[in-house]
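Q: Structure for this input, please:
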Amino acid sequence: MSGRISRASVLLLNVAHALDHMFLLVFATAVGAIAADFGIARWEDLMPYGVGAFFLFGFGSLLAGRLGDHWGRRPMMLVFFFGMGASMLLVSATQGPWQLAAALTVMGAFSSIYHPVGIPMLVRGASRPGLTIGINGLSGNLGVALAAVTTGFLVKYAGWRAAFIVPAFIAIACGILFARVAAVEEVAPAKRSATQAELPAPLLARIFTVLTIASVTASLLFNFTTNGNGQLLRERFVGIVTDPAMLGILLALVYVAGSLAQIVVGSLIDRVPLKYLYFGIVMFQVPLFALAAYAQGWALYALMVLFMIVVFGAIPFTDAMIVRYVDDRMRSRVSGMRLTVAFGVSSLAVWLLGPVVKAAGFSSLLLAMAGIAAVTLLALTLLPNMRQHSPRVVDVTMEGRPRSTRAAD
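A: Numbering: from 1, shown residues only. Alright, predicted model coming up:
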């Protein structure tokens, strides 16, 4: 069996990725309005209360991945849709910072389900996994754009609570649709037959090490940018654009431009060696962040478009590596382990964002991000030069030379 899923299920899995990232960023986009409502003078002082969501977004992935492989990915996705909707309604009802922190943490626990469960479910049996991951990445980052534009409008015209209530009902509606169109899994992934040859243990450990380092640095950059770009624009567009709805549109355009890069990258992943393609994209991050540290106004905006293109463009690689080198029976667990480390560490970005900007400003933050990108480049030099011989079987030596060809299905 190819394991392919229906087009309706594919559509809803991509929508789920958009909702996942959108929900995580509604707070960061509306934080100024929430702080004012709670009587907090500076948004930077409220920002650390969102760290619990991003902490569980990472550490919850370990359990979510295990349940996805052993219990089933379809039931876990139903938990995702309904849990996200309920938790967003809970956030909308909070009356103070600590209630907000608790509700956001609950939402983070449900948000941890998607990446280790939804993506392996989506790519199983895909004929062009790179392109599939690219389209899925586009969907996720369009969710980032939606968070910027919809939250800006809802905060302006209906208040910050509506920015959580409206997406909540969308998630619940998607859960009802997914329950109707997604086929019931007869066998849990962990109990299925193998579809790929196993890699040698030393090579698998080396790949996982590079994968983890790259995931941590990529997640740090993703969280710093997506949680900080809104306030960065507000600070450096003073006297140019001040309307929150217009700033939301400008920010959404940044994310749309960056998201489109994932389609190109996903298509190239199916044809170009991962190591060289990944290295080439990350290489541009260092100078772009460094230049943005000193830019103002429209020059800053142009650089923001460019650095988000290469930040988003780097996202598909870690999932592509898992699809290429890990059998479907354990992809959710491997993804969960990788995400636990990456997102768990990168949750510090949310906690540090407000205090760092308050103490040192955005210039120092952007220079630090250039340094983080440089660490990614160093890690990628350790990645073996690999080549995929079959869409279903991979076997290489430590030196990266082909050792076997195609295995019979």
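Q: switch to C-alpha atoms for all contacts and neighbour counts from now on
A: Noted.
Q: Please enumerate the helices of the stretch 101-250 of the chain.
A: Remark: helices of the stretch 101-250 of the chain, listed N- to C-terminal, are 114-123, 129-158, 162-181, 201-236, 244-269; assignment by DSSP state H, counting those that start in this stretch.
Q: Tell me the predicted confidence for residue 391.
A: Looking at residue 391, its pLDDT is 38.
Q: Give me the pLDDT for the residue nearest to residue 322 when sequence neighbours are not counted.
A: Distances taken as Cα to Cα, 6 or more residues apart in numbering put residue 331 closest to residue 322, at 6.9 Å, once the chain neighbours are dropped. You'll see residue 331 listed with a pLDDT of 85.
Q: Quick check: residue 331 vs residue 268, distance?
A: 22 Å (Cα to Cα, to the nearest Å).
Q: Those two: which is more packed in?
A: Neighbours around residue 331 and residue 268, counted as other Cα atoms under 10 Å, are more numerous at residue 331. The numbers are 27 against 16.
Q: List the residues that contact the more buried one.
A: With Cα atoms under 8 Å, 6 or more residues apart in numbering as the criterion, the residues that contact residue 331 are 65, 69, 116, 120, 322-323.
Q: Distance of it relative to residue 98?
A: The spacing between residue 331 and residue 98, counted by Cα to Cα, is 36 Å.
Q: orientation of the top helix by length along the chain relative to helix 201-236 in degrees?
A: In the chain, assigned by DSSP state H, the helix with the most residues is helix 331-380. Helix 331-380 and helix 201-236 meet at an angle of 80 degrees, taking axes from the mean of the first three to the mean of the last three Cα atoms, to 10 degrees as the criterion.
Q: any low-confidence regions in the stretch 301-409 of the chain?
A: For the stretch 301-409 of the chain, applying pLDDT under 70 flags the ranges 347, 350, 385-409.
Q: rerun at 80
A: Counting by pLDDT under 80, the stretch 301-409 of the chain shows low-confidence ranges at 321, 324-328, 341-358, 383-409.
Q: got the angle for the longest helix of the chain vs helix 114-123?
A: Following the same axes, to 10 degrees, one obtains 100 degrees for the angle between helix 331-380 and helix 114-123.
Q: now helix 331-380, how far from the centre of its chain.
A: 12 Å (Cα atoms, centre = their mean, to the nearest Å).
Q: what does stretch 56-68 give?
A: If you compare the mean C-alpha spot of stretch 56-68 with that of the full chain, they lie 14 Å apart, counting by Cα atoms, centre = their mean.
Q: Please apply the same query to stretch 227-239.
A: In terms of Cα atoms, centre = their mean, the gap separating the centre of stretch 227-239 from the centre of its chain is 22 Å.
Q: Name the residues of that stretch that are buried.
A: When burial is assessed from 16 or more other Cα atoms under 10 Å, stretch 227-239 yields the following buried residues: 227-234, 236-237.
Q: So what touches it?
A: Residues outside stretch 227-239 that contact it (Cα under 8 Å, 6+ apart): 25, 28-29, 148, 241-242, 247-248, 251, 296-297, 300-301, 350, 353, 362.
Q: I'd like to know which of these are buried.
A: With burial judged by 16+ other Cα under 10 Å, the buried subset of those is 25, 28-29, 148, 247-248, 251, 296-297, 300-301, 350, 353, 362.
Q: circling back: just tell me which of the helices of the stretch 101-250 of the chain ends up closest to residue 12.
A: Between residue 12 and the helices of the stretch 101-250 of the chain, the tightest spacing by Cα to Cα is seen for helix 162-181, at 6.7 Å.
Q: Now that closest one - C-alpha only, PDB.
A: The C-alpha coordinates for helix 162-181 follow below in PDB (Å, rounded to 0.1, in the frame of the first residue of the first chain):
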ATOM      1  CA  ALA A 162     -11.900  38.300  19.700                       C
ATOM      2  CA  ALA A 163      -8.500  37.600  18.200                       C
ATOM      3  CA  PHE A 164      -8.500  34.300  20.200                       C
ATOM      4  CA  ILE A 165     -12.200  33.400  19.900                       C
ATOM      5  CA  VAL A 166     -12.600  33.600  16.100                       C
ATOM      6  CA  PRO A 167      -9.600  31.200  15.400                       C
ATOM      7  CA  ALA A 168     -10.900  28.900  18.200                       C
ATOM      8  CA  PHE A 169     -14.200  28.200  16.400                       C
ATOM      9  CA  ILE A 170     -12.300  27.700  13.100                       C
ATOM     10  CA  ALA A 171     -10.200  25.000  14.700                       C
ATOM     11  CA  ILE A 172     -13.200  23.200  16.100                       C
ATOM     12  CA  ALA A 173     -14.900  23.300  12.700                       C
ATOM     13  CA  CYS A 174     -11.800  21.800  11.100                       C
ATOM     14  CA  GLY A 175     -11.800  19.000  13.700                       C
ATOM     15  CA  ILE A 176     -15.400  18.100  12.800                       C
ATOM     16  CA  LEU A 177     -14.500  18.000   9.100                       C
ATOM     17  CA  PHE A 178     -11.300  15.900   9.700                       C
ATOM     18  CA  ALA A 179     -13.300  13.300  11.700                       C
ATOM     19  CA  ARG A 180     -15.500  12.900   8.700                       C
ATOM     20  CA  VAL A 181     -12.900  12.700   5.900                       C
END
